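Q: fold the following and give me the result.
(one chain, ligands or ions: 1)
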Amino acid sequence: MGAPSFAVYKLVTLLFAAKPVEVPLVNHTHDLTALLAAVTPRTKLVFLPSPNNPTGTANTSAEIFEFVRKLPEQVVLAFDEAYAEFLDNPPDLRPLISEGRKVICLRTFSKIYGLASLRVGYGYASADLIRMLNRVRQPFNVNGIAQAAAIAALDDGEFARKSVEQNRLGLKQLEAGFNALKLQYVPSLANFILVAVGAGQKVFTELQRKGVIIRPVGSYGLPTWVRITVGTEAQNKRLLEELALVLRLEAAK
Ligand SMILES: *Cc1c(COP(=O)(O)O)cnc(C)c1O
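A: Predicted coordinates:
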């Protein structure tokens, strides 16, 4: 797995008493050459998110195809598409699945459809790989209400389009605000953005006191950054105002 990347990859690896191998990102982006170089005969699984959390970056489709075709036969790729719907042209790995590559693509209703509390997502892979998963999955893993909502969500293209559009505008608004505050940020392809604020944990605490919740990312090895989720226009405006106040206070102390 890359680092920093979604914390759950390492947690589940440890949960299964396997050895996590973390490969540093380059320019906040997965370095697929280094990731491939870290694969050994003992490697069972590689995680690759597109886009990545918490950096909001993604590799190109061509890079990913080349990477997958070079993976040894025994390695399964978990391709995490939690934020794929926010990409203009999300990589489509179905041709790799068709040619027999061990790829499982993972999607969620938590992000683009805003249904995180229903705990529903899905994966697609070859019938062989899905058959293996079916042997070990919990028998009652997704409740009926969540399934009904997920099916309704898939039919609601209008909502997804609105989410993407609102997110595109929100990212622009936040980037303009960060530029005005002279804050460094990582251009994002997801629905959040990583911005350098100095003491990330402290900025988080002070904003929280004002009722604005952002994500400190010290636990991801990024103590001087915070991750900010794109909100509505009014929420983004409020965040930028409060952030300016907090940072000015910081500077004055
Ligand atoms: C949110 C997220 C998920 C999945 O979230 P669930 O709510 O468990 O479906 C997976 N990968 C990444 C990178 C995420 O940010």
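Q: residues in contact with S163?
A: Going by C-beta atoms under 8 Å, 6 or more residues apart in numbering, S163 touches E85, I112, Y113, G114, N191. Glycine gets a C-beta too; all of them are placed from N, C-alpha and C.
Q: repeat that with 6 Å
A: Contacts for S163 (C-beta atoms under 6 Å, 6 or more residues apart in numbering) come out as I112.
Q: now do it against P41, distance only.
A: 43 Å (C-beta to C-beta, to the nearest Å).
Q: likewise V68?
A: V68 is 18 Å from P41, by C-beta to C-beta.
Q: specify the local secondary structure of the one residue in the stretch 151-253 of the chain that gets nearest to the ligand.
A: Relative to the ligand, the nearest point of the stretch 151-253 of the chain is A190 (8.1 Å; C-beta to the nearest ligand atom). Per DSSP: H, G, I helix; E, B strand; the rest coil, the local secondary structure of A190 is coil.
Q: angles on the backbone of it, please.
A: phi -110, psi -160 (degrees, to the nearest 10).
Q: more neighbours: V68 and P41, which one.
A: Neighbours per residue, other C-beta atoms under 10 Å: of V68 and P41, the larger number sits with V68, 24 against 7.
Q: which strands and helices lie in contact with the helix or strand where I64 lies?
A: If you go by DSSP states H and E, I64 is part of helix 61-70. Other helices and strands packing on helix 61-70, by 3 or more C-beta pairs under 6 Å, 6 or more residues apart in numbering; DSSP states H and E, are helix 32-37.
Q: how about a cut-off of 8 Å?
A: Counting contacts by 3 or more C-beta pairs under 8 Å, 6 or more residues apart in numbering; DSSP states H and E, helix 61-70 packs against helix 32-37, helix 94-98.
Q: can you mark which positions in the longest one are buried?
A: The neighbour-count check on helix 32-37 (16 or more other C-beta atoms under 10 Å) flags L32, L35, L36 as buried.
Q: save those residues as CSV, and put in pLDDT and distance to the ligand too.
A: Listed next are these as CSV, based on pLDDT from 0 to 100; distance: C-beta to the nearest ligand atom, whole Å:
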residue, pLDDT, distance to the ligand
L32, 98, 17
L35, 98, 16
L36, 98, 21
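Q: for whatever helix or strand L239 lives in, give the mean pLDDT please.
A: Taking DSSP H and E as the definition, L239 sits inside helix 233-252. Averaging pLDDT along helix 233-252 yields 89.
Q: got the buried residues for it?
A: Those would be N236, L239, L240, E242, L243, V246, L247, for helix 233-252 by 16+ other C-beta under 10 Å.
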